[in-house]
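**Q** could you look at this predicted model? Sequence included:
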Amino acid sequence: MKLYGDVKNNILQVKLDKRNDVYNWGLDNLFPQLIETLINQSVTSKTCVDKVAKAIYGKSFGELGNVIVNSDGQTLNELLRISARQYSKHNNLFIHIGYNGLFQIKSLKVLTANDVRVGKADDLGYSGKLLVYDNWNKADGKIDNKKFKIYDRFNPNKTVIQSQIDKAGNINKYKGQILHLQQDSNTIYSLPDLNPVIGEALLENNSQIFRSNGAEKGFLNTKLMTVQAFNSDDERRQFTNKLNDLQGAENSGNILLLESSNVTDDLSKQVMLEDLSSAYNDKLFEYSDGQAEANICKAFGVPKVLVNPSESGLFGNSGELLREAKKQLFEDREEERDMFESVFNLLMKNFQEPIDSLKIINPFEITTPTQTPQL
């Protein structure tokens, strides 16, 4: 995976890899990895993902969400939290579903988008298989399709599940299914919110590198001292040692020593000290950083005041303004929450310990406790 130069308009081009029977996710099949790298290197992108994930999660499923849903000990609420974050990054979510012999769901677990790819479609255009593999980036050598874990796409129909179990041999050999939840079900992979502002996220990272390099490697507080040529190595060594002692341990090396071949009787020219400090301008990217921040916030639909409270303008960063911005983001993500509620209700109704009527709690909803009427 390469970061830019190779980040082109057709980066999300999806083509069938006939050697491995999967649809490549991006030109090099590493688009999810690229998105996560850029999010982790862009402070605005990371903040936006955090805010969107919290807006989807709300205040969890409440007490109903405390049930354990997999062998890792994760609760349904924790599964919702992980799902919200994965979806906020990629607008794609993959959940592995395990069944028992009664066709009931016994386990639910979120898979990272980095590992999952959609298998080739049949003659009707339906991709019934999803492949899980942890070396798409070839970090551990070339791709070995013998190590692919192949799962059936989610289908709750008991007849379908029985057929899949029979094909596997028995319930103990059955790997289960994977549910692919996405923003646009008409595409093989949905576009992430970061897609239209990939360049902005990269700009933020480059700006940070520039400031860091300028502060660390620039000629800050560096001086050039020109002196008459020394008569011997011992004389030169004594002079530099004395110079280092005068500078102190922390500033040692901030003076470059140059021996002049010109001999002069003018004392002021025998020892000359010049300032080499470069004109380091850490505000060079100030305008571009501001534009990048605004565009990334716009792409994720996050009010800018939640990312940068100093941008709150006339009203300042009052608690009421921030609350209204959070409420706006929560309302804007209603569609995603409805989709999550529908999916988790469908899954948990068929859980080995069924749960019904799951609802993500609204953190902004004021509930008035009922009062017992006094007689």
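**A** Received, thanks. Remember, predicted model here, so these are calculated numbers, not experimental data.
**Q** show me where pLDDT drops low in the stretch 51-200 of the chain?
**A** Scanning the stretch 51-200 of the chain for pLDDT under 70 picks out no residues.
**Q** helices of that one, residue ranges please.
**A** Taking DSSP state H, counting those that start in this stretch as the criterion, the stretch 51-200 of the chain contains helices spanning 76-90, 158-168, 198-217.
**Q** winner for burial among the ones you listed?
**A** Looking across those with neighbours counted as mean count of other CB atoms under 10 Å, the highest average goes to helix 76-90: a mean of 22. Placement of C-beta: from N, CA and C, glycine included.
**Q** so which other helices or strands are in contact with that helix?
**A** helix 31-41, helix 43-57, strand 92-99, strand 105-111, helix 334-349 (3 or more CB pairs under 8 Å, 6 or more residues apart in numbering; DSSP states H and E).
**Q** okay, angle between it and helix 334-349 too, please.
**A** 140 degrees (axes from the mean of the first three to the mean of the last three CA atoms, to 10 degrees).
**Q** ok, which of the helices of the stretch 51-200 of the chain comes nearest Q182?
**A** For Q182, the closest of the helices of the stretch 51-200 of the chain is helix 76-90, at 8.6 Å, according to CB to CB.
**Q** roughly how far is that closest one from the heart of the chain?
**A** 13 Å (CA atoms, centre = their mean, to the nearest Å).
**Q** again with stretch 127-139
**A** 19 Å.
**Q** and that stretch, end to end?
**A** Stretch 127-139 has an end-to-end distance of 27 Å (CA to CA, to the nearest Å).
**Q** who touches it?
**A** Defining contact as CB atoms under 8 Å, 6 or more residues apart in numbering, one finds that stretch 127-139 is touched by 1, 20-23, 29-30, 33, 94, 111, 114-122, 141, 143-144, 147-153, 178, 180, 188.
**Q** buried residues, that stretch. List them.
**A** By 16 or more other CB atoms under 10 Å, the buried positions in stretch 127-139 come out as 127-133, 136.
**Q** export the helices of the stretch 51-200 of the chain to a markdown table and tack on distance to K298?
**A** A markdown table is the format used below for the helices of the stretch 51-200 of the chain (distance: least, CB to CB, whole Å):
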| stretch | distance to K298 |
| --- | --- |
| helix 76-90 | 16 |
| helix 158-168 | 43 |
| helix 198-217 | 10 |
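**Q** cheers, nothing more for now.
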